[in-house]
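*Asks:* coords below, sequence missing:
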């Protein structure tokens, strides 16, 4: 999934703009309730993430290293840098506060549905797929393996993998993973799509180059005013993302997703997600699988 906070860090209520200036974290750096409120407001405004009021300690531990790196003495000074819009520090701030949870072939029923659809697809127009919360690459590479196997060379497939976290995108481009992360990858796929490391690389595998070429990793904040892609996608994986946004943000993103999905395309969402509130846009057609409402 995309670089987002774990479910227990979230709160669905509107974010208060004040954090209670009297509250202060006991640590190396001065960190008040007002500082925390500014952080909550910024990450909500920038990325749509609703950070729960009880996560002050987590935020301190995640961001203290950035204060040391920048040589600032207080969170107030650091937040001022972030609020000033310095691109490199905003990126580091987002990377520090996001958590990425993913695995190969997570929620396998989606890949079975994808394979069935692709297997019956006539040769011709290339298949386009978007993994809009790609994390470190396990999801888009699972998609790529499924597509190569199902299409059998009849049709080309291209996969756009986007995430807000630049660190995980870099790992995805490298395509290097510990061997024990391949537990859910079928043995035939392991032999076909991965190279096993030796020597200093023992215990790791790398995705083969032909599979890596199918996937383009790009940074994208789903709240960006403009999405850079052109055209529509045959399949969109937006799994375990909507739970991190409030209802208004969910609706806005789903409306935009609907505009970039092919009329006969499919949208896959996470096991704990439902688009019940977006029935004007999508209709359910399988287990956490949706199509556009015509």
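*Replies:* Okay, I see it. If you're wondering where the values come from, they're calculated on a predicted model, not measured in any experiment.
*Asks:* just for the stretch 151-294 of the chain, where's the confidence low?
*Replies:* Counting by pLDDT under 70, not a single residue of the stretch 151-294 of the chain qualifies.
*Asks:* which residues in it form helices?
*Replies:* Secondary structure of the stretch 151-294 of the chain, counting by DSSP state H, counting those that start in this stretch: helices at 166-174, 187-193, 209-212, 247-259.
*Asks:* and those helices as a markdown table, adding mean neighbour count?
*Replies:* The way it works is simple: take the backbone N, C-alpha and C, and place the C-beta from them, glycine included. A markdown table is the format used below for those (neighbours: other CB atoms under 10 Å):
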| stretch | mean neighbour count |
| --- | --- |
| helix 166-174 | 18 |
| helix 187-193 | 14 |
| helix 209-212 | 15 |
| helix 247-259 | 16 |
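*Asks:* could the ones you listed be laid out in a markdown table, adding distance to residue 94?
*Replies:* What follows is those, written out as a markdown table (distance: least, CB to CB, whole Å):
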| stretch | distance to residue 94 |
| --- | --- |
| helix 166-174 | 8 |
| helix 187-193 | 31 |
| helix 209-212 | 25 |
| helix 247-259 | 16 |
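*Asks:* closest one to residue 116 among these?
*Replies:* When those are ranked by proximity to residue 116, the top entry is helix 187-193, at 17.1 Å, counting by CB to CB.
*Asks:* residue ranges of the helices in the stretch 1-150 of the chain, please?
*Replies:* Counting by DSSP H, counting those that start in this stretch, the stretch 1-150 of the chain forms helices over residues 33-47, 56-70, 75-83, 87-97, 109-119, 138-151, given from the N-terminal end onward.
*Asks:* can you tell me which of these has the worst average pLDDT?
*Replies:* Among these, helix 87-97 has the lowest mean pLDDT, at a mean of 86.
*Asks:* which of the residues in that helix are buried?
*Replies:* Taking 16 or more other CB atoms under 10 Å as the basis for neighbour counts, the residues of helix 87-97 that come out buried are 89, 90, 92, 93, 94, 95, 96, 97.
*Asks:* I'd say the first one and residue 79 touch.
*Replies:* No - taking contact to mean CB atoms under 8 Å, the distance of 10.3 Å between residue 89 and residue 79 leaves them out of contact.
*Asks:* stretch 130-144: which residues count as buried?
*Replies:* Of the residues in stretch 130-144, those buried under the neighbour-count criterion (16+ other CB under 10 Å) are 130-144.
*Asks:* likewise stretch 197-215?
*Replies:* By neighbour count, with 16+ other CB under 10 Å as the criterion, the buried positions of stretch 197-215 are 204, 205, 207, 211, 212, 214, 215.
*Asks:* got a list of contacts for it?
*Replies:* By CB atoms under 8 Å, 6 or more residues apart in numbering, the surrounding residues in contact with stretch 197-215 are 137, 140-141, 144-145, 147-148, 157-161, 172-179, 182, 190, 192-196.
*Asks:* what's the end-to-end length of it?
*Replies:* Across stretch 197-215, the terminal residues are separated by 22 Å (CA to CA, to the nearest Å).
*Asks:* heads up, I number from 10, so please use that
*Replies:* New numbering, starting at 10: the last item is stretch 206-224.
*Asks:* how far does that stretch sit from its chain's centre?
*Replies:* A distance of 22 Å separates the centroid of the chain from that of stretch 206-224, by CA atoms, centre = their mean, to the nearest Å.
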